[in-house]
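K.L.:
build me a model from this:
(chains A and B)
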Amino acid sequence: DAGITQSPRHKVTETGTPVTLRCHQTENHRYMYWYRQDPGHGLRLIHYSYGVKDTDKGEVSDGYSVSRSKTEDFLLTLESATSSQTSVYFCASGSSDSSYEQYFGPGTRLTVT
Amino acid sequence: ELKVEQNPLFLSMQEGKNYTIYCNYSTTSDRLYWYRQDPGKSLESLFVLLSNGAVKQEGRLMASLDTKARLSTLHITAAVHDLSATYFCAVDPGNQFYFGTGTSLTVIP
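P.N.:
Presented below is the predicted three-dimensional model:
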């Protein structure tokens, strides 16, 4: 299994506060992704990265920003959390060497009150 | 808008029976992936299908891909309780995955 960790694993925050979620991978994968999972929607892509400092928007990027300053780290920031951002967030990584297969982290459960 | 549809969304089946989960998608893609998710857990990769006609089998699960029909199937043979989980397909038409909404499978003893 690819070594992907996420921190924190659980977080409760108040509406309007900034939140940063961290994803760390030890596989030297070029590509990294942030998804959110909500009942009835499967997984939806928020942002992805195809290299250090190279990022792009996914399907549901409004209200989120990302940064990737090192190959192994991909940060997701909610600038001003809203209750609609309560969700489970998954990070994934992959490379062309493994047919772009994505390996997922354990997830972060975020609750915005 | 790209769509990935799975059928059925919910499946309850008896141990020992066979069944097929379908994944239809609306765009051209030669790459399709199947994942399994247990409740409260992350996603685990099951199969990577990379070309038309690809077939892969692991234990009681077999996945196939028909890119012309834009259809993938996940066939379950002689189901056992341990296969109870949610199964997702995902297509990769370019530089990102699009996931289906998942099929929640419950195998009843």
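K.L.:
who in chain B is up against chain A?
P.N.:
B:4, B:31, B:33, B:35, B:41-45, B:48, B:50, B:88, B:90, B:92, B:95-102 (Cβ under 8 Å from any Cβ of the partner chain). Any C-beta I mention is one placed from the backbone N, CA and C, and that applies to glycine too.
K.L.:
switch the cut-off to 7 Å
P.N.:
Listed as neighbours of chain A in chain B under the rule Cβ under 7 Å from any Cβ of the partner chain: B:31, B:33, B:42-43, B:45, B:48, B:50, B:88, B:92, B:95-97, B:99-102.
K.L.:
who wins on neighbours among those residues?
P.N.:
Most neighbours among the residues of chain B next to chain A, by other Cβ atoms under 10 Å in any protein chain shown: residue B:97, with 28 neighbours.
K.L.:
wait, what's in contact with it?
P.N.:
Residues in contact with residue B:97 (Cβ atoms under 7 Å, 6 or more residues apart in numbering or on different chains) are A:45, A:102, B:90.
K.L.:
one more pass at 8 Å, please.
P.N.:
Each residue near residue B:97 by Cβ atoms under 8 Å, 6 or more residues apart in numbering or on different chains is listed here: A:33, A:43, A:45, A:102, B:33, B:90, B:91.
K.L.:
what sits opposite the closest residue in space to residue A:57 that isn't next to it in sequence in the beta ladder?
P.N.:
Leaving aside its sequence neighbours, residue A:57 sits nearest to residue A:47 (Cβ to Cβ, 6 or more residues apart in numbering or on different chains; 6.0 Å). Taking DSSP bridges as the rule, residue A:47 bridges to residue A:34, residue A:57.
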